[in-house]
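A.B. asks: next come a sequence and a model predicted from it.
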Amino acid sequence: MSGARYRALPLGGSLAANFVQRTDGSTLVTSAEPLGDYPRRLTDRLLHWAEHSPGHTLVARRHLGGDWHRISYAEAVATARSIAQALLDLGLSKDRPVAILSENDLEHLLLGLGAMFAGVPFAPVSPAYSTLSQDYGKLRHILGVLTPGLVFASNASAYGRAIAATVPADVPVVLTHGEIAGRATRRFAELAATPVTPAVDAAHAQVGPDTIAKFLFTSGSTKLPKGVINTQRMLCANQQQILQCFPGLGQVRPVLVDWLPWNHTFGGNHNVGITIYNGGTLYIDDGKPTPAGIAETLRNLREIAPTVYFNVPKGFEEIANAMEEDAQLRDTLLSRVSMFFFAGAGLAQPVWDKLDRIAEQTVGERIRMLTGLGMTETGPFAMCANAEEVKSGHIGLPAPGMELKLVPSGDKTEVRYRGPNVTPGFWRAPEQTAESFDAEGFYSSGDAIKPIDPAHPGRGFAFDGRTAEDFKLSTGTFVSVGPLRARVIAAGDPCVQDVVVAGLNRDELGLLLFPRMDACRAFANLPAGAPTLEVFGSAPVREFFQHLVDGLWATGTGSATRVARALVLVDPPSIDLGEVTDKGSINQRAVLTHRAALVEHLYAGGDGVILPRR
C-alpha cells in the first residue's frame, strides 16, 4: 500500500498523541493537537450559509421516487423558523420534547432544525420500533422516558397502528400524509406555514452550548434503550474535531449521498452535521445495503457524484461487487470522491482491496479509505485513523481535544473517553449515568483497543472487540469474540450474514450462524420463493457450510480460535428481543440468552449440528 498512488486528500496531518503511564496500571492518551474554536450552536452554521449562499442546496430527496426535490439553505432556515414558532406555541420543552418516529426525509430534517431554533430537544426513534416490532415494547419504553409534547411520523399507513397503540390521546400527532381513524392529527405543512413572531429569535438567543439538542436512544442489549443526551456543545465540538482531521471538508463544500438512519449517531450527527457545518449538500438515499435496498443506492450513485462517501462495511461490499460490472456506477462514484469512510464494524480487507483495484483501473489512483472509533455517547467521533497508511482494523489516535484512558480489563484494554464531545449522561436515568462514568469523569465505553505496534504506540491503535462479549472456555482460556467473528464472516462469504460465538464455560468453541438467504438460494440454484428447509437441505448449501467449518477448524491455532461445531439458524434475529438493531448489528449476549436451548442443542450434537471432518 505504501507505494500506491492515492487521490489528493487534504488531511490534518497524521494525528499525534501524548502517552502517560500511571501507577494504577492505566494509561492516559491525549491528543497533541488542541481543538480549535467552534460555534455555540449548530444553527449558527446553518444561518451562516443561509446568509452567504442562500440558494445553495442543503438537502434533496427524490419525490415519489422520481426527480430530486431540493431545499436551499435559505428555504430551510425560513421553514425551520416557522416550525420553531409552532413548537413554542405548543409549549414544548426538554420535558415535553419532539419524538420523530419515521425515516430520513425532508420533513424530518426541517422539524429537527426547527426544534433547535426553539431550543426544544427532539428524539429520532428507530422506525423499526414502529414498523417491524410486533409488541411495540421498545417504542412504548422510549415514549415513556421522553413524555413527548408532539409526535411526528411521515405517514399514517406505516406508523398509524404504532401511534394508536403507544401515544397518549392528549399528545399532538403531526403527519405528512394520511389520517389515523379516531385520532385528531395535524399536517406537517401547517407547522411549516406558522407565522413567525419575535418569540423565535428570543428562544434561539437562549440556546447555548449546554442546551440539549436531541436524544439518541441506543439500541439496547439485554436492557431497554437508553436516551443519550446530545448537547449543542457535543455536536459543534465534534464537527470541529472532524474538520481538523479532514480539512478538505472545509475547502470543497461536501456533497453526500447517504442512507444512514438519523436515529443513529453516524447518520444523524456525523453526516448531517458535516453537511451543515461545512455548507454542503446531502442527497437522501432511500436505499439500504440489503438485497432489497441496494438497487436504489446504486441508482443514486450512478446519478450523483459525492465528494466524500460514508457507509457501513456491508454497503461498501455491495458497492464494490456492483462496480465490477457497472461502468456508469464506477465512472460517477469515482469521478470526484476524495475519501471513503466506514464505521459500525470492521471492513474486510478483501473488500478494501477490491475497491482499491477498481479505482486504480477506472481513474488511475486509489481513493483513501479512512475510519476511526466512536459511539453515540461521544457524538460519535472520538478516534481517527487518517495516517498515510490505514489498514483493516486500524482506528488511529484520539481526535483533537480528546482524552483517552486505557484501563486493563482481563486480557484486554478498555478505552474510556473524556472531552467536549462526550455526553453528560442518559436522560432521566441517573443510576445508569453514574455507572457509566469513572471517578475522573471518563466515559466507560466497553470497547477494547490495542496498539498496532506495542514498541511504537504513537502509530495508533486497532480495535480489539468488546470487553463484555469476550469469555473464557472451561480451560480458563480467553476467547476474543470480535476478531473471531470477523474471521468467520470473511470465510463464510457470501452465505453467512453474521455469527454468534458460543462456548462460555464449555470445552470448545461453537457457532450460531445467521445465513444470507438470497445467497444460499443461489448456491442451491433454487428460485426466490423456495422453502427454507429445501434450501438448507440442498447438497451445495450443506457442502458450503461443511467446508466452512472444516476450514475454521483447520486454521485455528488453539482452543480459543479453533471452531469445533456450528449450527445454521433458520429463524432470523428478532428486533423485539434485542437480538438485532435496525442497522442489522447482532447482539451476541441477547442471542445467546434468548436461544439458550439452541446452544444446548449445539453442544449436544443434535440434528443439524455441523462438526468438522477432522
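C.D. replies: On my side now, so go ahead.

A.B. asks: now do E325 against N525, distance only.
C.D. replies: E325 sits 20 Å away from N525, going by C-beta to C-beta, to the nearest Å. For glycine as for every other residue, the C-beta is placed from the backbone atoms N, C-alpha and C.

A.B. asks: then K472?
C.D. replies: Distance from K472 to N525, by C-beta to C-beta: 43 Å.

A.B. asks: okay, strands next: where are they in the stretch 501-614 of the chain?
C.D. replies: 509-515, 563-568 (DSSP state E, counting those that start in this stretch).

A.B. asks: now those in TSV, with mean pLDDT?
C.D. replies: Output for the strands of the stretch 501-614 of the chain, formatted as TSV (pLDDT from 0 to 100):
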stretch	mean pLDDT
strand 509-515	95
strand 563-568	96
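
A.B. asks: TSV for those, including mean neighbour count?
C.D. replies: Shown next, in TSV, are those (neighbours: other C-beta atoms under 10 Å):
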stretch	mean neighbour count
strand 509-515	22
strand 563-568	23
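
A.B. asks: turn the ones you listed into a markdown table, including distance to A74.
C.D. replies: Conversion of those to a markdown table gives the following (distance: least, C-beta to C-beta, whole Å):
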| stretch | distance to A74 |
| --- | --- |
| strand 509-515 | 47 |
| strand 563-568 | 55 |
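
A.B. asks: any idea which residue sits dead centre in this protein?
C.D. replies: F266 (4.5 Å; C-alpha atoms, centre = their mean).

A.B. asks: before we move on, back to that, of all the strands of the stretch 501-614 of the chain, which one is nearest A78?
C.D. replies: A78 sits nearest to strand 509-515 of all the strands of the stretch 501-614 of the chain, at 47.1 Å, using C-beta to C-beta.

A.B. asks: and that closest one, what does it pack against?
C.D. replies: In terms of contacts (3 or more C-beta pairs under 8 Å, 6 or more residues apart in numbering; DSSP states H and E), strand 509-515 is packed against helix 481-491, strand 496-502, helix 539-555, strand 563-568, helix 596-604.

A.B. asks: give me the residues contacting stretch 34-44.
C.D. replies: Applying C-beta atoms under 8 Å, 6 or more residues apart in numbering, the contact partners of stretch 34-44 are 45, 113, 116-117, 204, 207-209, 211, 213, 232, 235-237, 239-241, 244, 273, 276-277, 400-401, 420.

A.B. asks: and it, what's its mean pLDDT?
C.D. replies: Mean pLDDT, computed over stretch 34-44, is 98.

A.B. asks: may I see the buried residues of it?
C.D. replies: Across stretch 34-44, burial judged by 16 or more other C-beta atoms under 10 Å covers L35, Y38, P39, R41, L42, T43, D44.

A.B. asks: who touches P172 in this structure?
C.D. replies: So P172 contacts L90, G149, L150, V151, R186 (C-beta under 8 Å, 6+ apart).

A.B. asks: report the separation between A448 and V390.
C.D. replies: According to C-beta to C-beta, A448 and V390 sit 19 Å apart.

A.B. asks: then M339?
C.D. replies: For M339, the distance to V390 - C-beta to C-beta - is 11 Å.

A.B. asks: which ones are touching the residue nearest to the centre of the chain?
C.D. replies: Counted by C-beta under 8 Å, 6+ apart, F266 has contacts L260, F310, V312, A343, G344, P380.

A.B. asks: which one of the residues you listed is nearest T30?
C.D. replies: Scanning these for proximity to T30, where the rule is C-beta to C-beta, the winner is P380, at 19.3 Å.
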